[in-house]
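Participant: Fold the following and give me the result.
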Amino acid sequence: MMATVAMRYSALILFAAMLCGCSADRSRQPFVSLAEEFVYTTLAWSPVSATQVGLHKHGELRLDAILDDFSPNAIEQQRNWLNDIRLRLLRAADLQTLSAEDRADFDIIQDQIALSLHEINTVQSYRHNPTIYVELIGNGLYAPSVLEYAPKAERCRHIVSRMRGVSALLAQARRNLTDSPEIWNEVAQDENDGNIGLVESTLREACSSEVGAADYDAAAKPAVEALRGFSTWLREDLSQRRSDWRLGAEKYAAKFRYALATDATPDHVLAAAEQDMRDTRRQMLALARTMPGAETSGDEHEVIAGALSKVAANHATRETYFEAARRDLAEVRAFVKDKDLLTLPPRDNLQVIETPEFMRGIYSVGGFNSAPAFEPHLGAFYWLTPIPATWPAARVESKLREYNTFGLKLLTIHEAMPGHYVQLEYANDVQPPLRRILRSVFGNGPYVEGWAVYATEAMLDSGYLNNDPGLRLTFLKQQLRVFANTVLDVRLHTKGMTDSQAMDLMLEGAFQENEEAQGKLRRAKLSSVQLPTYYVGWRDWHRVRERYREAHSGMVNLKEFHERALREGALPLPVLSRLIAGKAL
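Facilitator: Residues are numbered from 1 along each chain as shown. Sure thing, here's the model as predicted:
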């Protein structure tokens, strides 16, 4: 069934107090009370997100058994509540008396409210982006199958219950969607095929015996019919009403400010990224000329490309790709321990699995899905997207050359160890619980993505693989990708960059393989403001470390700095700098 906002709100405050274990005397802590209300009300709006972060009940309502509500009434209630709580926070929170930690939480909440209102009032993805609904269904059905928060039979009953809500959600999608960019429509159809396979095959195998084949089929059949019908509607109806995927300069600048929590403008970040691309290419040229068999007589591009080509020739096969990543994970874990870069999390809950089919539109290479903030003992997943058996040999080779032996190792460092997995495991130990949940669920993108880039660089700087020049050259190539991500996002969404210009930037400017470049161009059209998080975060992590060094008389123990910064959770990096170094960026 579909839950309305009013139903979810009714028992909110009592439930929040029960979960948080906070004092019942709220008159002395109005900010904490409002922060609780923000966190739990926001999660209650999205039962699918609630399951993913480990929140399972709202009063007597089982969130795991329902899907999100995209009715006009629910959207209007969300808008009104966001406006209301923003005003109540400003009236209740005395910024002069809030502790530094509470002020950091206050800043996170205000930016999240502004970002949510910008989405509801201005961007309105729910009116233009069908992948929202497709991925919501996929996540809603998939999460209970892999997160072991309850016995399998109970989780399967939740899956079946959510299947019963698929038709209603897709009916809302049809009413809401007025137009769509062609690329969004195409990806939604592809991912929707993944949802159909999920219901007809993966979940049927997992749950039929748990709930009974008849009960499973009774829910699955209408769900599949609705999914197939939605694909037909996308193909035959919505495809006739096309719109532009570009966000535009004004909308982009506002989203950039709220999502990244940075005082830098898109144009400022763009100029810096383009300069860093030029500087990095010069570093790559100098390094390439020192490598065995290097070409030294050609121009900059020829010399670098030749060295990278030799490195790319050493790669796994389609069949050994996953096993290589698992070996790499064990290797980098041992190196982190040996070099004592930081204390590794005590939980051993990381799994390497295939990227779910319904998420492969945007995660064409891989990704990371953390353990739930409410239940950090459950599984964390390093996703790798398998290479389809149907791909022609040239396309397979392009993918494997991009993620060659060194490239796959760097991906594993970034996504898992000591990148996203380690950072998010630290975040899942932040105290008190309300702060942990707030900073995990609404964590700052540049902090999260920037840490993964920064941590990869720190591994190399500590001598990983004995300072192999091929590894360093591959890393510098990946840094070019970080810079190019920013250039792509800003120029595509605000400056009219064409597909041809984008491909030239990636292929010629950043030495990417064609398969990688095509996937990144599609990702840039599917999202906005996410791609610059890597660059903004990497740059600001270095700035935070420098401020920390200054605060400690020029000396810094890297392990101490890493652990101090990670124990705060995913704060905006300017806020992190104030907290741990006493200095703004």
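Participant: any idea how far residue 92 is from residue 34?
Facilitator: According to C-beta to C-beta, to the nearest Å, residue 92 stands 6 Å off from residue 34. Any C-beta I mention is one placed from the backbone N, CA and C, and that applies to glycine too.
Participant: out of the two, which sits in the busier spot?
Facilitator: Of the pair residue 92 and residue 34, residue 34 is the one with more neighbours under other C-beta atoms under 10 Å, namely 20 against 13.
Participant: any idea which element that one lies in?
Facilitator: Assigned by DSSP states H and E, residue 34 falls within helix 30-45.
Participant: what helices or strands is the helix or strand following that helix leaning on?
Facilitator: Following helix 30-45 in sequence order, the next helix or strand is helix 47-53 (DSSP H and E). Applying 3 or more C-beta pairs under 8 Å, 6 or more residues apart in numbering; DSSP states H and E, we find helix 47-53 packed against helix 30-45, helix 131-146, helix 433-441.
Participant: Mean neighbour count, those: which tops it?
Facilitator: helix 131-146 (a mean of 24; mean count of other C-beta atoms under 10 Å).
Participant: What residues sit buried inside the helix or strand following it?
Facilitator: For helix 131-146, the following helix or strand on the C-terminal side (DSSP H and E) is helix 152-164. Along helix 152-164, these residues count as buried under the neighbour rule (16 or more other C-beta atoms under 10 Å): 155-164.
Participant: any idea how far helix 152-164 is from the chain center?
Facilitator: When C-alpha coordinates are averaged (C-alpha atoms, centre = their mean, to the nearest Å), helix 152-164 and its chain have centres 26 Å apart.
Participant: Could the C-alpha coordinates of that helix be exported in CSV?
Facilitator: C-alpha atoms of helix 152-164 as CSV (Å, rounded to 0.1, in the frame of the first residue of the first chain):
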residue,chain,number,x,y,z
LYS,A,152,14.3,-13.9,5.4
ALA,A,153,10.6,-14.9,5.4
GLU,A,154,9.7,-11.5,7.0
ARG,A,155,11.8,-9.6,4.5
CYS,A,156,10.3,-11.5,1.6
ARG,A,157,6.8,-10.5,2.9
HIS,A,158,8.0,-6.9,2.8
ILE,A,159,9.1,-7.4,-0.8
VAL,A,160,5.8,-8.8,-1.8
SER,A,161,4.0,-6.0,-0.1
ARG,A,162,6.0,-3.4,-2.0
MET,A,163,5.3,-5.3,-5.2
ARG,A,164,1.6,-4.6,-4.6
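Participant: from now on call the first residue 25
Facilitator: Let's use 25 as the start, then, which means that last one is helix 176-188.
Participant: Summarise which helices and strands the helix holding residue 58 is packed against.
Facilitator: helix 29-33, helix 36-44, helix 71-77, helix 96-116, helix 124-142, helix 457-465.
Participant: Quick check: which of these is buried the most?
Facilitator: Each of the helices and strands packed on helix 54-69 was scored by mean neighbour count; the highest is helix 71-77, a mean of 24, by mean count of other C-beta under 10 Å.
Participant: Show residues contacting stretch 596-609.
Facilitator: Applying C-beta atoms under 8 Å, 6 or more residues apart in numbering, the contact partners of stretch 596-609 are 124-125, 128, 131-132, 135, 285-287, 468, 470-471, 474, 561, 564-565, 567-568, 571-572, 574-575, 588-589, 592, 595.
Participant: For the stretch 475-609 of the chain, just list every one of the strands.
Facilitator: Using DSSP state E, counting those that start in this stretch, no strands are found in the stretch 475-609 of the chain.
Participant: can you give me the helices in it?
Facilitator: Ranges of helices in the stretch 475-609 of the chain, per DSSP state H, counting those that start in this stretch, are 493-518, 523-528, 538-550, 557-575, 582-590, 597-605.
Participant: okay, the angle between the first one and helix 557-575?
Facilitator: Computed with axes from the mean of the first three to the mean of the last three C-alpha atoms, to 10 degrees, the direction of helix 493-518 lies at 110 degrees from that of helix 557-575.
Participant: Helix 493-518 packs against which elements?
Facilitator: On a contact count with 3+ C-beta pairs under 8 Å, 6+ apart, helix 493-518 meets helix 273-284, helix 290-312, helix 324-336, helix 429-439, helix 469-485, helix 523-528, helix 538-550, helix 557-575.
Participant: Kindly state the domain boundaries assigned to this protein.
Facilitator: As recorded under automatic domain parsing, the domains making up the chain are 25-147, 150-269, 314-605.
Participant: if we can go back for a sec, let me have the helices of the stretch 475-609 of the chain in JSON lines, adding distance to residue 394 and mean pLDDT as columns.
Facilitator: Formatted as JSON lines, those follow (distance: least, C-beta to C-beta, whole Å; pLDDT from 0 to 100):
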{"stretch": "helix 493-518", "distance to residue 394": "21", "mean pLDDT": "97"}
{"stretch": "helix 523-528", "distance to residue 394": "31", "mean pLDDT": "98"}
{"stretch": "helix 538-550", "distance to residue 394": "20", "mean pLDDT": "91"}
{"stretch": "helix 557-575", "distance to residue 394": "16", "mean pLDDT": "96"}
{"stretch": "helix 582-590", "distance to residue 394": "13", "mean pLDDT": "95"}
{"stretch": "helix 597-605", "distance to residue 394": "19", "mean pLDDT": "94"}
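Participant: can you tell which of these is closest to residue 62?
Facilitator: Closest to residue 62 of these is helix 597-605 (C-beta to C-beta; 17.2 Å).
Participant: and that closest one, C-alpha only, in PDB?
Facilitator: These are the backbone C-alpha positions of helix 597-605, laid out as PDB (Å, rounded to 0.1, in the frame of the first residue of the first chain):
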ATOM      1  CA  LEU A 597      34.800  20.600   4.500                       C
ATOM      2  CA  PRO A 598      34.800  24.300   5.500                       C
ATOM      3  CA  VAL A 599      32.900  23.300   8.700                       C
ATOM      4  CA  LEU A 600      35.300  20.400   9.300                       C
ATOM      5  CA  SER A 601      38.200  22.800   9.100                       C
ATOM      6  CA  ARG A 602      36.600  25.100  11.700                       C
ATOM      7  CA  LEU A 603      36.000  22.100  14.100                       C
ATOM      8  CA  ILE A 604      39.400  20.400  13.900                       C
ATOM      9  CA  ALA A 605      41.800  23.200  13.100                       C
END
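Participant: What subset of the contacts of stretch 596-609 is buried?
Facilitator: 128, 131-132, 135, 285-286, 468, 470-471, 474, 561, 564-565, 567-568, 571-572, 589, 592, 595.
Participant: residue contacts, residue 204?
Facilitator: Residue 204 is in contact with 152-154, 212, 258, 262-263, 265-267, counting by C-beta under 8 Å, 6+ apart.
Participant: Look at the residue lying closest to residue 433 once chain neighbours are set aside and tell me its secondary structure.
Facilitator: Excluding the flanking residues, the one nearest residue 433 by C-beta to C-beta, 6 or more residues apart in numbering is residue 352, at 4.8 Å. Three-state assignment for residue 352 (DSSP: H, G, I helix; E, B strand; the rest coil): helix.
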